[in-house]
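What would the 3D arrangement of this be:
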Amino acid sequence: MKKNAKEKKEKKETKKLTKKQIIILVIVTIVLGVICYFASTEITKSIIDHKTMNERLEKAREDSLMTVDTIENISLDDLVKKFNEINDDKLDVNDNTAVINDMKIEFYLNDNNVNITTIDFAKRNKDAKNLISNMILANNDTITDETIDLIYDRVFETIGNTKDDESKTSEFFQYQGLEFSLKEYSDSDYRYSFRIGRIVETEQEENEEE
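Below you'll find the model as predicted:
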């Protein structure tokens, strides 16, 4: 009985740590604390950097949407000359108007420079597309044929973006200093009117001042 009591007493006694074990435990605790601190700091920094990068990307996207490409002014004579160099049927302009293959072209000027060109035609066909494509090239010969095809298709696809009793209008597309849109009339000799507008720097500055 005395032996069992003694064993129980020994089990109840807490085993004391040596000085060396205490030092090791303190060092391990400090090391783990330092690791946790730097780990949490890096995680927080990573989250902040990620958020900052997203904000920068979003701002860059918004800035790019607000940026409008501009193009230099061009006189009517120079534009007609460029068009005639690439189109089989030559323009003969009278009172800022010309007719080619039953399609009417009108030029709207601003201080003797071309501001807007409209091409009116009755049917969507190869002749109309060719005329429009060459007029776009005459306005800006850096635009590729592939891009012109895309612009031509997109204005037709978005017809009806706005509409009233007399007409439907496509979305407006801006590219390399030009603006494109298409209007379809419900009752007119020319069913369609393709618009090519020139965005010059002075126009952009006036809009910003307003």
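
what's the burial count for the spatially closest residue to Phe172 that is not a sequence neighbour?
Nearest residue to Phe172, sequence neighbours excluded (C-beta to C-beta, 6 or more residues apart in numbering): Ser181, at 4.8 Å. To be clear about C-beta, it is placed using only N, CA and C from the backbone, and glycine gets the same treatment. As a burial measure, Ser181 scores 21 neighbours (other C-beta atoms under 10 Å).

Ser181: what's it in contact with?
Residues near Ser181 by C-beta atoms under 8 Å, 6 or more residues apart in numbering: Val155, Thr169, Ser170, Glu171, Phe172, Phe173, Phe194, Arg195, Gly197.

Report pLDDT for it.
With respect to pLDDT, Ser181 scores 96.

One more: Asp189?
For Asp189, pLDDT reads 88.

what's in contact with the helix or strand hosting Leu150?
Leu150 belongs to helix 145-157 when assigned by DSSP states H and E. For helix 145-157, the surrounding residues in contact (C-beta under 8 Å, 6+ apart) are 124, 129, 132-133, 136-137, 170-171, 173, 175, 180-182, 194.

same thing but at 10 Å, please
124, 128-129, 132-137, 140, 143-144, 161, 169-173, 175-176, 178, 180-184, 192, 194-196 (C-beta atoms under 10 Å, 6 or more residues apart in numbering).

The following helix or strand past it pairs with which strands?
Following helix 145-157 in sequence order, the next helix or strand is strand 162-163 (DSSP H and E). Here strand 162-163 is paired, per DSSP bridges, with strand 167-169 (antiparallel).

Against which helices or strands is whichever helix or strand comes after the partner strand packed?
Using DSSP H and E, the helix or strand that follows strand 167-169 towards the C-terminus is strand 173-175. Here strand 173-175 touches helix 145-157, strand 178-185, going by 3 or more C-beta pairs under 10 Å, 6 or more residues apart in numbering; DSSP states H and E.
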